[in-house]
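# Provided below for reference: sequence and predicted model.
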Amino acid sequence: MYPYISITPEDEQEMLKAIGLASVDELFEDIPEEVRLNRDLDLEESKSELEVRAYLRELANKNCSLDQMTCFLGSGAYDHYIPSVVNHIISRSEFYTSYTPYQPEISQGTLQYIFEYQTLICNLTGMEVSNASLYDGGTAIAEAALMAAAVARKKDVIISKSVRPEARRILKTYAHIQDLNIIEVDIAEGVTDLEKLKSLVNDDTAAVIIQSPNFFGLIEDLEEAAKIAHKGRRTSFIASVDPISLGILKRPGELGADIVVGEGQGMGIPLSFGGPYLGFMAANKDYMRKLPGRIVGQTEDMEGKRSFVLTLTAREQHIRREKATSNICSNQGLNTLAATVYLVTLGKEGLREVALQSTKKAYYAMKKLTESGKYKPLFNKPFFKEFALTSDIEPEVINKKLRDENIIGGYDLGQDYPQYKNAILYAVTEKRTKAEIDRLSSILEGI
């Protein structure tokens, strides 16, 4: 079997001749000599297709999949069940080959599922308008902050320390370039310190960002936080939510949110070792012309049939760069479709069932794991799907033992919150069984 050869020496010479050069070195002559490698890359000899396949299989087998492991890790990405119909629908060629619906007459399928997705997100969050999608939950928070700052024409953005640390880091990265001032408000007993929030909000505040359920799984008082935020002049209140939690919790639109964002991975999208995921954003109609990305609308064609078109696009590809509200240049189309199929398949009752099962099993797990007193709750507040426990044992020791038992343990909170050393955040979804939780408890007691 012959190895794969990208180009032959003859091909190389033909290409160089076409551009008027004599050698590859001449092609790179603009690069200073002192920074060139000046040797061949340290690569193995070429392999046959059979050998490459065997090598890649060996590498892949080093990964542990959820078919082999029981997962109690969350912290922003969750092991929810994905109905088989989701993968069946998104594997259809008219969907997985779709890219950008520039020509509506040949993109009706893509435009329709984006329209349905936007409708579902609006219904789920209680907001008036939704965009197509964003890259993930973290960039959704950053884009929402930029939008709020542009609307208010102010630079101060307040964000709670109970918001996912990764999302806060993303926001700071965006803010550095946009010259925004990021102010973090402290937490008290695991939730946002609303008294400190009151002291921080003023007429220079562009936005207040609160996550609920927050990073610790605790339910925040969004309604009170919204009231505090709105004391500032033209201050936007941004709520970051877990869409699954909205199966049982009040919609943020009913609690005073102006903009709602979140991570949509739990809606039919696999963990996939960290991505690609799906950020969603919905807002009141006052923000419609500032929403990043696209908005698809419904209309009628020349024959009076229901059809769909791109209604608004605030991307720099479509309008003048100085008028663009975002550099988001693509939506997460396939993941948007997966989330749409997931929500339609489950419906209201199904989503509520997923939320209830996750919550009930999480409460059972916390009770079971703390029975002996060896592990104690870090907080004493209502939570959804995730809870934190503390003990005298280092998280690294606990998680290594769990890995040896084919269990993916919780998240070490001390990595981001030094005050919570030896605290672990566990996530429990509807997929976890009583037997799995009891086994977790038994192994933890033996450490």
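Good, I have the coordinates.
# Could you give the number of residues near the residue nearest to Gly109 when sequence neighbours are not counted?
Leaving out its chain neighbours, the residue that sits closest to Gly109 by C-beta to C-beta, 6 or more residues apart in numbering is Glu94, at 5.1 Å. Glycine gets a C-beta too; all of them are placed from N, C-alpha and C. Glu94: 9 surrounding residues under other C-beta atoms under 10 Å.
# Out of the helices and strands in the chain, which is least certain?
Ranked by mean pLDDT, DSSP states H and E, the weakest helix or strand in the chain is helix 93-96, scoring a mean of 74.
# Counting by contacts, list what it packs against.
helix 108-125, helix 333-369 (3 or more C-beta pairs under 8 Å, 6 or more residues apart in numbering; DSSP states H and E).
# So for Gln265, which of those sits nearest?
Among these, helix 333-369 comes nearest to Gln265, with 8.1 Å by C-beta to C-beta.
# Just confirm Ala339 contacts Gly266, I think it does.
No. Assessed by C-beta atoms under 8 Å, Ala339 is found out of contact with Gly266, at 9.0 Å.
# for the stretch 201-350 of the chain, what are the low-confidence residue spans?
314-331 (pLDDT under 70).
# Where does pLDDT dip in the stretch 51-200 of the chain?
The stretch 51-200 of the chain contains residues with pLDDT under 70 at 96-100.
# Helices of the stretch 201-350 of the chain, start to end?
222-229, 333-369 (DSSP state H, counting those that start in this stretch).
# Make TSV out of those helices and add distance to Asp42 and mean neighbour count.
Listed next are the helices of the stretch 201-350 of the chain as TSV, based on distance: least, C-beta to C-beta, whole Å; neighbours: other C-beta atoms under 10 Å:
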stretch	distance to Asp42	mean neighbour count
helix 222-229	55	21
helix 333-369	37	20
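# May I see those helices organised as CSV, with distance to Ile121 added?
Shown next, in CSV, are the helices of the stretch 201-350 of the chain (distance: least, C-beta to C-beta, whole Å):
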stretch, distance to Ile121
helix 222-229, 17
helix 333-369, 8
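# that older thread, who wins for proximity to Gly297 among the helices and strands packed on helix 93-96?
Among these, the nearest to Gly297 by C-beta to C-beta is helix 108-125 (7.2 Å).
# Tell me the buried residues in that closest one?
108, 110-118, 120-125 (16 or more other C-beta atoms under 10 Å).
# List the first helix or strand encountered after that helix toward the C-terminus.
Heading C-terminal from helix 108-125, the first helix or strand you meet, by DSSP states H and E, is strand 129-130.
# In the stretch 251-400 of the chain, mark out all the strands, start to finish.
Applying DSSP state E, counting those that start in this stretch to the stretch 251-400 of the chain gives strands spanning 259-263, 279-283, 294-300, 306-313, 376-377, 386-390.
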